[in-house]
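>>> Sequence below, structure please.
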Amino acid sequence: MHEFAYKRDQLCCEGLPVKDLAKKFATPLYVYSAKTVLDHFLKIKKAFAPLKPLICYSVKANSNLSILKLLVDKGAGLDIVSGGELYRAQKVKCLAKKVVYASVGKTVKEIKDAIEYGILMFNVESAPELERINDIAAELNRRVDVALRVNLDISPKTHAYIKTAKKETKFGMEPDLAKDILINQRCYPNLNMKGVHIHIGSQITEARPCVDAIKKIKALIKEVKAQGVILEYLNIGGGLGIIYDKERPQTAAKFARKVLPLLKSISLKVILEPGRFIVGNAGILVTKVLYVKNTIQKKFIIIDAGMNDLIRPSLYQAHHTIVPLSLYRRKTKGTSKKADIVGPICESADFLGKERDLDAKVGDYLAVLGAGAYGFVMSSNYNSRPRVAEVLVKGKEVKLVRKRETYKDLVAKEIIV
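From the prediction side, this is the model:
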């Protein structure tokens, strides 16, 4: 569920007309609902309450500082994948011992900064990375906690680009290598092998792949335990899917019912890393119709938002529901041909929706739903377009949480020689 709904024929966010926000802040514009963010976080917390897990929100899904602060203030930890995300965690004063750090390509500086901040642990993706962290820990005269990310060769039903536990992907290490490292951890004197980490992908709508992954990691844990290895944490990652179109994803409660018995039998402290589930349906991208172009082949609704603002449709062929802000503009079936919703970018891949039953005229406002995750965070300045503004709705309050970039911002770091 989310807090975007029609009231008196106007799309509202927590009861406030989105059209008013579009007029005040201009378009394109990202609009987020604070209530939706917190509701989804609390659903996961309630579903897994018997385990009292550490829930580390996946910053990469939406890294706006105000979103992070909302969650941190409610007790969430953070799952980070870069030095920039570590900096954001520090800015919102997330407790260091609630921060876990993944990524296959951590730099020396990033590792040092994370150690000095005192994060809970690194999720280590390879043997060379493990050696580097061990060497840096020795240089800093510290012992550092790590978990090994294990690639279990599990294939969830999701887009190929967001499957992360197939053996041909770059993520994690093979189970046999992980077992060997855990059993011979004395080779890494400056590291504490605290746990294992699994994350099989994103936008997963059924429990079976996750259950299979937990069963596999349970077997690995049992094997190394027999060799005297004592672990403290099991990080099962994130990946819970949301509704974009016709998906019927599992609820947090239903997912928990499937995996709780397994997790209880493993008897380790559990870490979760939800991202999309928390923020995906908590945000929309608001855009304005610039032109309506009819050709012999196609009808195009040309808008002021493009693939640089929301790249998921172009990158993943992802579906986002697109609706008018005013219901009277909703298309009546059969009145005209279907339309492609396209942006101003000079690429044929610049579309936000294809073959949509949507009627619109110049000046109308549209909302691209389900844009709270992997929306603004993946935006760019392609075609020298300033990145858009973001606003957060909290009840009757509306806060600008990121200013719209200007042309000056575009060239501020450039040097003419």
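>>> What is the burial count for residue 151?
23 (other Cβ atoms under 10 Å). Every C-beta, even on glycine, is put in place using the N, C-alpha and C of the backbone.
>>> Do I have it right that residue 271 meets residue 54?
Yes. With contacts counted by Cβ atoms under 8 Å, residue 271 reaches residue 54, the gap being 4.8 Å.
>>> So between these two, which is more surrounded?
Using other Cβ under 10 Å, the more surrounded residue of residue 271 and residue 54 is residue 271, with 25 against 20.
>>> Output the contacting helices and strands for the strand or helix carrying the more buried one.
Per DSSP states H and E, residue 271 falls inside strand 269-272. On a contact count with 3 or more Cβ pairs under 8 Å, 6 or more residues apart in numbering; DSSP states H and E, strand 269-272 meets strand 54-58, strand 191-197, strand 233-235.
>>> What values do phi and psi take at residue 371?
Torsion angles at residue 371 (phi, psi; degrees, to the nearest 10) stand at phi -110, psi 10.
>>> Could you report the distance from it to residue 132?
37 Å (Cβ to Cβ, to the nearest Å).
>>> what do you get for residue 125?
Using Cβ to Cβ, which is the criterion applied here, residue 125 is 11 Å from residue 132.
>>> Of those two, give the one with the bigger neighbour count.
Using other Cβ under 10 Å, the more surrounded residue of residue 125 and residue 132 is residue 125, with 22 against 16.
>>> for stretch 217-235, which positions count as buried?
Buried residues in stretch 217-235, counting neighbours by 16 or more other Cβ atoms under 10 Å, are found at 217-218, 220-221, 224, 229, 231, 233-235.
>>> just stretch 315-331 next, same as before
316, 318-320, 322-326, 329.
>>> Can you tell me what sits against it?
6, 9-11, 17-19, 22, 159, 161-162, 244-245, 286, 310, 312-313, 341, 352-353, 356-361, 364-371, 378 (Cβ atoms under 8 Å, 6 or more residues apart in numbering).
>>> Quick one: distance of it to the chain centre.
Stretch 315-331 sits 21 Å away from the centroid of its parent chain (Cα atoms, centre = their mean, to the nearest Å).
>>> CA-only coordinates of it in PDB, if you can.
C-alpha atoms of stretch 315-331 as PDB (Å, rounded to 0.1, in the frame of the first residue of the first chain):
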ATOM      1  CA  LEU A 315      17.700   0.100 -18.800                       C
ATOM      2  CA  TYR A 316      15.600  -2.800 -17.600                       C
ATOM      3  CA  GLN A 317      12.500  -2.500 -19.800                       C
ATOM      4  CA  ALA A 318      10.800  -1.800 -16.500                       C
ATOM      5  CA  HIS A 319       7.100  -1.000 -16.400                       C
ATOM      6  CA  HIS A 320       5.900   2.000 -14.500                       C
ATOM      7  CA  THR A 321       2.200   2.800 -14.300                       C
ATOM      8  CA  ILE A 322       1.600   6.400 -15.600                       C
ATOM      9  CA  VAL A 323      -1.500   8.200 -14.600                       C
ATOM     10  CA  PRO A 324      -2.900  11.800 -15.000                       C
ATOM     11  CA  LEU A 325      -2.900  14.000 -11.900                       C
ATOM     12  CA  SER A 326      -6.500  15.000 -12.800                       C
ATOM     13  CA  LEU A 327      -8.900  12.100 -13.300                       C
ATOM     14  CA  TYR A 328     -11.000  13.900 -15.900                       C
ATOM     15  CA  ARG A 329      -8.000  13.400 -18.300                       C
ATOM     16  CA  ARG A 330      -8.000   9.600 -17.900                       C
ATOM     17  CA  LYS A 331      -8.600   8.000 -21.200                       C
END
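>>> what does the average pLDDT come to for that stretch?
The pLDDT scores in stretch 315-331 average 84.
>>> Mind checking the helices and strands packed on strand 269-272 for the one nearest to residue 203?
Residue 203 lies closest, by Cβ to Cβ, to one member of those: strand 54-58, at 12.5 Å.
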